[in-house]
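> Give me the fold of what follows.
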Amino acid sequence: MVPTKPLHRNHTSVVHQVISVMLQNRSFDATLATSTTSANPWTTDSVCDILRSVSRFFFQSPRSVGRQKGFRHRAPLKQRNLKQEFAKIRDNVLLLGPAAYRDPKRVDLGLDKALEFYYWVETHFGFAHNEMTCREMACVLAKGNRVKGLWEFLKEMARRDGGGLVTTATVTCLIKVLGEEGLVNEALAVFYRMKQFRCKQDVVAYNMIIHSLCRVGNFRKARVLLEQMELPGFRCPPDVYTYTILISSYCKYSMQTGCRKAIRRRLWEANHLFRIMLFKGFVPDVVTYNCLIDGCCKTNRIERALELFDDMNQRGCAPNRVTYNSFIRYYSAVNEIDKAIEMMRRMQKMNHGIPTASSYTPIIHALCEAGRLLDARDFLVELVEGGSTPREYTYNLVCEALNSVGEADLLDDALHKRMKEGIENRLGQVMKVKPVLGCKRVVSVEEV
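Predicted structure coming up:
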């Protein structure tokens, strides 16, 4: 079947048209190849962009597009079992977890079309795949949870060009993707079978597998790998990032569980690992300090957080906006608003960062709850004049509070217009992304 508009050389248009062909379930054959306007319109960047777009159009549900990537207000990631998931889908049983809102037929279509396109550009245009395109195709198979097909693809690519297509960077990227999907056992299998593809395990690969284990709460196995790296003369000694992964994961996972006992235990382990890190001669960076300070502030351990804050200043590690925002959120939550304002002013005075909406929002909410509406109004104006856009809830909260006391005229019309336009623009940008998969009709070639 010939598309109504031929594929031409424009990079963005080629990506859109190929995705449209995939969505319409057309065949990548010689007839489609003859519709191109040039002999070989494919480059490494265009092929990689098409493969990256497959997961966005076929694997994600409408409620997943444009989601916040943070860990707050989210349950901890659980280790997945693909056999159990496939059995539940076959028996029409309720499925929970990352695959709950995926359409299995749509996922299979995306995987089949991605593989078909991968070999189509090679067969009909003589495109020589390199390490980058091989990596992107392997990541598509990993995101689609087609593990058996992934192993077959890696074995095939490893036999080409003396194994130059499957490199250590490719396998490390696969470990990262599988860990993000909750497929930790599969990530461990890839890690231990790196030698099969003539790849050497380096510190980056160890960091990725440790991070994958920590994401699902398997800290015992992660500590075993860390102890292995700490052995004298080991070829992959740990670095600062290795310890930072564990410290950050201890703090995040404990707060995700919501269990007080788990919070106490994990925070103790995080602080203990931090002291071991210092004893071994590692110099923690600002990210390491931020993870510990944020964990201490969120669990009301402000004395330890201030102790770490003083320690990082003594060691010459300059705090950044993330550091100050942890203290601002804590002081605002416990109604010590003046200390929160003092922290933000100190950040501005020491030139450690520029306050953004995440810095002003906790203070404005706390001021409104305390009845200090004039101060809340001043901070809202300062936020807007600084070039940031307040959240819609923050804007409505201040307006309603001022209206309740008859002081609505404290915010002039120009300021109202500026904030409303900023909120609408931000909402428009989100809605350009979120409804992409919400529509049931198929996108045609003419529309792209």
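> Show the residue spans covered by the helices in the stretch 101-250 of the chain.
104-125, 131-143, 147-158, 168-180, 184-192, 203-215, 219-229, 240-257 (DSSP state H, counting those that start in this stretch).
> Using JSON lines, lay out the ones you listed together with distance to residue 404.
C-betas here are computed from N, CA, C, even on glycine. As requested, the helices of the stretch 101-250 of the chain are exported to JSON lines (distance: least, Cβ to Cβ, whole Å):
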{"stretch": "helix 104-125", "distance to residue 404": "49"}
{"stretch": "helix 131-143", "distance to residue 404": "49"}
{"stretch": "helix 147-158", "distance to residue 404": "58"}
{"stretch": "helix 168-180", "distance to residue 404": "46"}
{"stretch": "helix 184-192", "distance to residue 404": "52"}
{"stretch": "helix 203-215", "distance to residue 404": "45"}
{"stretch": "helix 219-229", "distance to residue 404": "49"}
{"stretch": "helix 240-257", "distance to residue 404": "35"}
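> can you redo these as JSON lines with mean neighbour count, mean pLDDT and distance to residue 41?
Shown next, in JSON lines, are those (neighbours: other Cβ atoms under 10 Å; pLDDT from 0 to 100; distance: least, Cβ to Cβ, whole Å):
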{"stretch": "helix 104-125", "mean neighbour count": "17", "mean pLDDT": "90", "distance to residue 41": "8"}
{"stretch": "helix 131-143", "mean neighbour count": "22", "mean pLDDT": "93", "distance to residue 41": "15"}
{"stretch": "helix 147-158", "mean neighbour count": "16", "mean pLDDT": "92", "distance to residue 41": "23"}
{"stretch": "helix 168-180", "mean neighbour count": "22", "mean pLDDT": "92", "distance to residue 41": "25"}
{"stretch": "helix 184-192", "mean neighbour count": "20", "mean pLDDT": "93", "distance to residue 41": "33"}
{"stretch": "helix 203-215", "mean neighbour count": "23", "mean pLDDT": "94", "distance to residue 41": "34"}
{"stretch": "helix 219-229", "mean neighbour count": "16", "mean pLDDT": "93", "distance to residue 41": "45"}
{"stretch": "helix 240-257", "mean neighbour count": "22", "mean pLDDT": "87", "distance to residue 41": "40"}
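> Return the residues in contact with the residue nearest to residue 117 when sequence neighbours are not counted.
In space, and not counting its chain neighbours, residue 117 is closest to residue 28: 5.5 Å by Cβ to Cβ, 6 or more residues apart in numbering. Shown in contact with residue 28 (Cβ atoms under 8 Å, 6 or more residues apart in numbering): 21, 113, 116, 117, 120.
> Residue 389 reaches residue 357, doesn't it?
Yes. Using Cβ atoms under 8 Å as the test, residue 389 is close enough to residue 357 to be in contact (6.6 Å).
> Tally up the residues packed near residue 159, please.
11 (other Cβ atoms under 10 Å).
> hmm, I was thinking of residue 233
The burial count for residue 233: 5, using other Cβ under 10 Å.
> Then residue 367?
Using other Cβ under 10 Å as the criterion, the residues surrounding residue 367 number 24.
> residues in contact with it?
Counted by Cβ under 8 Å, 6+ apart, residue 367 has contacts 337, 373, 375, 376, 379.
> In helices, which of those residues fall?
337, 373, 375, 376, 379 (DSSP state H).
> Among those residues, list the two that are farthest apart in space.
Using Cβ to Cβ, these span at most 12.8 Å, a distance reached by 337 and 373.
> Comparing those two, which shows the higher neighbour count?
Applying other Cβ under 10 Å to residue 337 and residue 373 shows that residue 337 carries more neighbours, namely 21 against 17.
> gap between the closest residue to residue 147 other than its chain neighbours and residue 212?
Spatial nearest neighbour of residue 147, chain neighbours left out: residue 186 (5.4 Å); criterion: Cβ to Cβ, 6+ apart. For residue 186, the distance to residue 212 equals 10 Å [Cβ to Cβ, to the nearest Å].
> residues bridging contact with those two, i.e. touching both?
Common neighbours of residue 186 and residue 212, using Cβ under 8 Å, 6+ apart, are residue 178.
> The helices of the stretch 101-250 of the chain: which one's closest to residue 323?
Closest among the helices of the stretch 101-250 of the chain, using Cβ to Cβ: helix 240-257, at 14.0 Å.
> Just the angle for the next helix-or-strand element following that closest one relative to helix 219-229, thanks.
Scanning forward in sequence from helix 240-257 by DSSP states H and E, the next helix or strand is helix 260-279. Using axes from the mean of the first three to the mean of the last three Cα atoms, to 10 degrees, the inter-axis angle of helix 260-279 relative to helix 219-229 is 10 degrees.
> I'd like the numbering to begin with 480 instead of 1 from here.
In the new numbering, first residue 480, that becomes helix 739-758.
> what about helix 739-758, average pLDDT?
For helix 739-758, the mean per-residue pLDDT is 89.
> same question, stretch 893-905
Regarding stretch 893-905, the rounded mean pLDDT is 86.
> Check which residues of that stretch are buried.
898, 901, 902 (16 or more other Cβ atoms under 10 Å).
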